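S.K.: here's my sequence, what's the structure:
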Amino acid sequence: MKKEYLLNEHIYLRAVEPEDLDLMYEMENHPSFWEISSFTVPYSRYVLKEYIANSQSDMFADKQLRLMIVQKEDHKVVGAIDVTDYVPLHGRGAVGIAILEEYRKKGYAIDALKLLCEYVFGFLHTKQLYAHIPVDNEASLHLFTSCGFVQCGLLKQWLRIDNTYKDVILMQCINNED
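M.R.: Predicted coordinates:
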């Protein structure tokens with residue numbers, strides 16, 4: 001029997017659609033997400049519209065993959081999960097998850113991360129995923145640990161947040177099925 005990827009009983013992951021523009025604009029420009037990214041200026045609607053239009057939704061071509069996290073029951077988008085900095089030669093990429101505030105602590109992030117891992121490891125045969133998590137982000141540390149990621153390093157003073165520097169834990173999940 002063929003495995004069905006990117007969905008479970010609660011959510012499904014799908015490619016970005018043009019109607020996601022407003023939500024992406026809100027998410028990308030929300031200050032709470034800036035501290036963990038490397039982005040320093042707001043995204044314009046034009047830039048996001050071009051991203052949506054030009055994305056092939058192919059991790060190998062785009063070197064990244066953004067999937068929207070959608071509730072099965074009402075098809076409402078609750079967040080996004082990304083693979084960025086994808087390097088096909090080495091089969092690795094960074095994972096990032098953004099859940100809209102009103103949907104946090106409801107299991108969407110763990111469902112999305114598990115589905116993403118099943119897809120990139122089982123279907124795309126990626127070798128490994130990694131994440132940079134601030135040492136004080138206990139919820140994210142728990143999330144990634146519960147999905148099989150292990151701490152493999154500590155990056156000292158990696159993120160500047162509110163004029164102080166924070167250490168970041170490097171977490172990694174290696175696909176040993178190959």
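S.K.: all helices for this structure, in order.
M.R.: Here the chain has its helices, by DSSP state H, at 21-28, 31-34, 45-54, 59-62, 108-117, 138-146.
S.K.: the first one: which residues count as buried?
M.R.: Residues of helix 21-28 classed as buried by neighbour count (16 or more other CB atoms under 10 Å): Leu23, Met24, Tyr25, Met27, Glu28. To be clear about C-beta, it is placed using only N, CA and C from the backbone, and glycine gets the same treatment.
S.K.: then that helix to CSV, C-alphas only?
M.R.: What follows is helix 21-28 as a C-alpha-only set of coordinates in CSV (Å, rounded to 0.1, in the frame of the first residue of the first chain):
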residue,chain,number,x,y,z
LEU,A,21,-0.6,36.4,0.6
ASP,A,22,-2.3,38.4,3.4
LEU,A,23,-1.5,35.7,6.0
MET,A,24,2.1,35.4,4.9
TYR,A,25,2.4,39.2,5.0
GLU,A,26,1.1,39.2,8.6
MET,A,27,3.4,36.3,9.7
GLU,A,28,6.6,37.6,7.9
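S.K.: report the contact partners of Gly122.
M.R.: By CB atoms under 8 Å, 6 or more residues apart in numbering, Gly122 lies in contact with Lys3, Tyr5, Glu177.
S.K.: which of the residues you listed sits closest to Ala139?
M.R.: Of all these, Ala139 sits closest to Tyr5, with 25.7 Å by CB to CB.
S.K.: tell me the contacts of that closest one?
M.R.: Listed by CB under 8 Å, 6+ apart, the contact set of Tyr5 reads Leu115, Glu118, Tyr119, Gly122, Phe123.
S.K.: just Val150 next, same as before
M.R.: Met171, Gln172, Cys173.
S.K.: any idea how far Ile169 is from it?
M.R.: 10 Å (CB to CB, to the nearest Å).
S.K.: report how many residues lie close to the closest residue to Ile174 other than its chain neighbours.
M.R.: Distances taken as CB to CB, 6 or more residues apart in numbering put Gln128 closest to Ile174, at 4.6 Å, once the chain neighbours are dropped. By the criterion of other CB atoms under 10 Å, Gln128 has 17 neighbours.
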